[in-house]
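Q: okay, predicted coordinates and the sequence, questions at the end:
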Amino acid sequence: MSTYILRRLSAMLPVLFGVSVLAFSIVHLIPGDPALILAGMEASETQVARVRQELGLDRPLYVQYASYVTRALRGDLGRSIHSRQAVSVAIRECFPATLQLTLASLLIAGTIGLVAGVVSAVKRYSLFDHLTMFGALAGISMPVFWIGMLLIWGFSLRLEWFPTGGRAETVWSAAGLRSLVLPALTLAGASVAMIARLTRSTMLEVLRQDFITTARAKGLGERLIVFRHALANALIPVTTFMGLEFGVLLGGAVVTEQIFSWPGMGRLVVEAIGSRDYPIIQGCILFSAILFVLINLLVDLIYGVLDPRIRYE
């Protein structure tokens, strides 16, 4: 197991190297001079040159990149151009909100999607199956911002059950959970649909296997066959998707966080792009990439738990 983990971590190094190069290149590819932005549009050439020297933008590119990587390995992702706050501190303040939103949405998507997919496979071509697949198609087709607006209109403005936006200071209080419901449902919309469709198709394939026929011939109960034998074998592709989706949701909650004024990393990146705060953008890209590759490694290790036949040599 340890050898496998080390081998996978070594295989991730080229990916992280490529991401670091792309993140570093943002400063030089996006139009605009960060030194001029920091010094102010009315600053003189001398002031701009001094700021450029402080940022190290007057040095050769390979020197700048080496310095960037060295500082990143120490956990130093630079400082915001505007607020002068350390990027690592800004990410540390915003990441818990994004993680909370992502975990809640994945829990909702996994629970509803798995149950709907299993029942649809067992009751194939029934009314429930048709309604579930229609709902899955609608969930995939509707944009995230439209789902969010519908939920706000229905549950906040009409019924007044949940707040229209914001995040309560006390996360696990009643107010905190109420503020979490609508953003989590919005973010989970497309994931529920994909998990339901994937679970249904995988379950249908497993239910046709010979060992399921043998289990039925031995007189095992249908519920035991479905949940202990069929579902256990159908979970591997679903787990793969959920692991990848977790990484996607962590880095892709931008629209949801904007709609509900959720103080997470997505909103931080949008504000940084609007103000051309390059260190914030670079730090968030690099941090998200590291999380994504680690989540992929975790998903691979979970395979061995779901299927004992899988061994890591």
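A: Arrived safely, thanks for sending. Residues are numbered from 1 along each chain as shown.

Q: please name the nearest non-neighbouring residue to residue 19.
A: Computed as CB to CB, 6 or more residues apart in numbering, the closest residue to residue 19 that is not its neighbour in sequence is residue 289, at 4.1 Å. Where you see a C-beta, it was placed from the backbone N, CA and C, and this is true even at glycine.

Q: then residue 184?
A: residue 104 (3.9 Å).

Q: which ones are touching that neighbour?
A: 180, 184, 188 (CB atoms under 8 Å, 6 or more residues apart in numbering).

Q: in this structure the residue nearest to residue 19 contacts residue 16, no?
A: Yes: using CB atoms under 8 Å, residue 289 is in contact with residue 16, at 6.5 Å.

Q: okay, these two: which has more neighbours?
A: With neighbours defined as other CB atoms under 10 Å, residue 289 and residue 16 compare such that residue 289 has more, 20 against 16.

Q: beyond the lowest-mean-pLDDT helix or strand in the chain, next helix or strand please.
A: Sorting the helices and strands of the chain by mean pLDDT, DSSP states H and E puts helix 34-39 at the bottom, at a mean of 65. Next in sequence after helix 34-39, counting helices and strands by DSSP states H and E, comes helix 45-55.

Q: please identify the buried residues of the following helix or strand past that following helix?
A: Tracing the chain past helix 45-55, the next element assigned as helix or strand by DSSP H and E is helix 61-73. Buried residues in helix 61-73, counted by 16 or more other CB atoms under 10 Å: 64, 68-69, 72.

Q: for stretch 213-232, which residues meet the burial criterion?
A: 215, 225-226, 229-231.

Q: straight-line length of it, end to end?
A: 16 Å (CA to CA, to the nearest Å).

Q: likewise stretch 200-214?
A: End residues of stretch 200-214 are separated by 21 Å (CA to CA).

Q: ok, residues contacting that stretch?
A: Residues contacting stretch 200-214 (CB under 8 Å, 6+ apart): 116-118, 120-122, 124, 129, 132-133, 225-226, 229-231, 233-234, 237-238.

Q: go with 6 Å
A: 117-118, 120-121, 230, 233-234, 237 (CB atoms under 6 Å, 6 or more residues apart in numbering).

Q: what is the mean pLDDT for it?
A: Across stretch 200-214, pLDDT averages out at 81.

Q: could you shift the numbering so residue one becomes 31, and keep it that way?
A: Sure, I'll start numbering at 31, so the last one becomes stretch 230-244.

Q: tell me how far residue 250 lies from residue 256.
A: Per CB to CB, to the nearest Å, residue 250 is found 10 Å from residue 256.

Q: let me redo that: residue 306
A: Taken as CB to CB, the span from residue 306 to residue 256 is 54 Å.

Q: give me the number of residues near residue 126?
A: Residues near residue 126, counting by other CB under 10 Å: 14.

Q: helix or strand next in line after the particular helix or strand that has it in it, which one?
A: Taking DSSP H and E as the definition, one finds residue 126 inside helix 117-152. Once helix 117-152 ends, the next helix or strand along the chain (criterion: DSSP H and E) is helix 157-171.

Q: residues in contact with that next one: which ones?
A: Outside helix 157-171, the residues that reach it (CB under 6 Å, 6+ apart) are 146, 150, 153, 219-220, 222-223, 226-227.

Q: any idea how far it is from the chain center?
A: Offset of helix 157-171 from its chain centre (CA atoms, centre = their mean, to the nearest Å): 24 Å.

Q: repeat that for stretch 47-56.
A: The answer for stretch 47-56 is 20 Å, by CA atoms, centre = their mean.

Q: that one: which residues count as buried?
A: 49-50, 53-54.

Q: what sits against the closest residue to residue 108 other than its chain neighbours?
A: Excluding its sequence neighbours, the residue lying closest to residue 108 (CB to CB, 6+ apart) is residue 309, at 3.7 Å. Shown in contact with residue 309 (CB under 6 Å, 6+ apart): 108, 110, 117.

Q: Throw the buried residues of stretch 47-56 into JSON lines and include secondary structure and distance to residue 297, thanks.
A: What follows is these, written out as JSON lines (DSSP: H, G, I helix; E, B strand; the rest coil; distance: CB to CB, whole Å):
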{"residue": "49", "secondary structure": "helix", "distance to residue 297": "22"}
{"residue": "50", "secondary structure": "helix", "distance to residue 297": "24"}
{"residue": "53", "secondary structure": "helix", "distance to residue 297": "19"}
{"residue": "54", "secondary structure": "helix", "distance to residue 297": "24"}
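
Q: ok, so of these, who is nearest residue 186?
A: Nearest to residue 186 among the buried residues of stretch 47-56: residue 53, at 37.0 Å, using CB to CB.

Q: in contact with that closest one, which residues?
A: 312, 315-316.

Q: residue 320 versus that one, what's the distance?
A: Residue 53 is 11 Å from residue 320, by CB to CB.
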